[in-house]
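**Q** Got a predicted structure plus its sequence, pasted below:
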Amino acid sequence: MAAATLSWTDWLLGWRDRLLSSPAFHRAASGFPLTRPLAHRHAREVFDLVAGFVYSQVLAACVKLDLFRTLSHGPQSLSALAKRFEMSNEAAARLLAAAQSLKLVEQRGVDASGESRYGLGRLGAPLVGNEAVIAMVEHHAVLYADLADPLALLRGSGPPPSLSDYYPYTADEASTRAAEISPEKVASYSRLMSASQPLVAAEILDAFSFNGYRHLLDVGGGEGRFLVSVSERTPQLKMTLFDLPPVASNARQRFQSAGIADRAEAVGGNFLADELPRGADIASLVRVIHDHDDARATTILTSIRRALPAGGTLVLAEPMSGTPGAEAMGDAYFGFYLLAMGRGQARTAEQLTALLQACGFGKVRMLPTRIPLQVRMLVAEAV
Ligand SMILES: C[S@@+](CC[C@H](N)C(=O)[O-])C[C@H]1O[C@@H](n2cnc3c(N)ncnc32)[C@H](O)[C@@H]1O
């Protein structure tokens, strides 16, 4: 019975594939008024796949030129922008036309001398002061260099990707010696994580309340921005952050500057080899598990289970594979990002649930987040 269903499906999909790969079909579909919009959308989607890198580079140029902040003070003329960009009017006009086509800027009439003026576009406006996106765009120079030959990356036949150096804790020996990683080696990725953390924290805290808990242990908590956000919404909560020693040391300074050092401590260590601090009734793992293969993820989750009492809670938040409407984020973007990083994978909620259950957690449930593309959340109970 199953085989018959499969062959019918195969036949149907084969027919669809033949149709979609036929130039005659495309000509007919784009000529017929009822199918024309669909044919145009398909053509655009295929073109966007082909041209995606160029779009990213247009955005990178705008970010490098600090264009969005510049335009946040009001529209500017073409020659004023060209002067600021240190390029000819022609080059600036080319960039602005590209940015306008991507809705990053928009033309706002002409000035007194008849020159075009430009203001923020619908997609450019949310980038003003958006530390997270700007940091990611700048960071992508490293990623895109690693992806220049995707087959070499997949086959492991090219030079070692730079992203694996960028995240030194992914190295093989990190399972025993991660705690020896130097302050210089953690600086870049920690800055990037801190820049993007507030968006993630807002999502988590809108979906889950830490009120009613006594003591939170944030495992792989980075430089502490998540705990600072938690502290603002949960004034009574005691907090412990665990991360590599140089990262924990930066978190300690952040807690001091934020005035929460009396209830937030930072402990340095290696979660693949050291025991985690005891005493918390809730733990969080924010954007940590996707960095690790199943063996390391199991070590981390089992260690958290040991650190929590029975009935304790674990909040796991990260982008997940198979997120409806954001499939490409999980499987294409994170799939290749983590490949270049040298370890880890974006997992589906079901895969993470199975891992949690294998490590002594039960009652796993998913909490809806406002922007699942950014982060999804599972909450589990230590059994
Ligand atoms: C992707 S970052 C996420 C940081 C933070 N939770 C956030 O969302 O901004 C992963 C964190 O895990 C930490 N980490 C990686 N390997 C570790 C290890 N073996 N022991 C302790 N922390 C580790 C890193 O230093 C880093 O801060």
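**A** Received it, and whenever you're ready, just let me know what you need.
**Q** rest of the way, CA atoms for contacts and neighbours
**A** Will do.
**Q** So which bits of this structure are right by the ligand?
**A** 169, 178, 193-194, 197, 220-222, 243-244, 269-272, 286-288 (CA under 6 Å from any ligand atom).
**Q** Of those, select the buried ones using a ChimeraX command.
**A** Only the buried entries of those go into this ChimeraX selection, using 16 or more other CA atoms under 10 Å:
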select :169,178,193,194,197,220,221,222,243,244,269,270,271,272,286,287,288
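**Q** beta partners for Glu318?
**A** Arg376 (DSSP bridges).
**Q** ugh, typo on my part, it should be Val267
**A** Phe242.
**Q** can you give me the strands for the chain?
**A** 76-77, 105-110, 116-120, 215-219, 238-243, 264-268, 282-286, 313-318, 361-367, 376-382 (DSSP state E).
**Q** Put together a markdown table for these, with mean pLDDT on each row.
**A** Converted to a markdown table, the strands of the chain look like this (pLDDT from 0 to 100):
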| stretch | mean pLDDT |
| --- | --- |
| strand 76-77 | 96 |
| strand 105-110 | 94 |
| strand 116-120 | 96 |
| strand 215-219 | 98 |
| strand 238-243 | 98 |
| strand 264-268 | 98 |
| strand 282-286 | 98 |
| strand 313-318 | 98 |
| strand 361-367 | 98 |
| strand 376-382 | 98 |
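**Q** of the ones you listed, which approaches Met341 most closely?
**A** strand 313-318 (16.5 Å; CA to CA).
**Q** in the protein, which ranges drop under the pLDDT threshold?
**A** 1-5 (pLDDT under 70).
**Q** domain assignment for it?
**A** 26-127, 164-382 (automatic domain parsing).
**Q** isn't Leu301 right up against Ala358?
**A** No. Contact criterion CA atoms under 8 Å: Leu301 and Ala358 do not qualify, at 9.2 Å.
**Q** who's more crowded, these two?
**A** Using other CA atoms under 10 Å as the criterion, Leu301 and Ala358 rank with Leu301 on top: 24 against 13.
**Q** What's the separation between the nearest residue to the more buried one once chain neighbours are set aside and Ile304?
**A** Residue nearest to Leu301 in three dimensions, not counting chain neighbours: Cys359, with 6.0 Å by CA to CA, 6 or more residues apart in numbering. Distance from Cys359 to Ile304, counting by CA to CA, to the nearest Å: 9 Å.
**Q** More neighbours: those two, which one.
**A** Ile304 (27 against 21).
**Q** Next one: that one from Phe208, what distance?
**A** For Ile304, the distance to Phe208 - CA to CA - is 19 Å.
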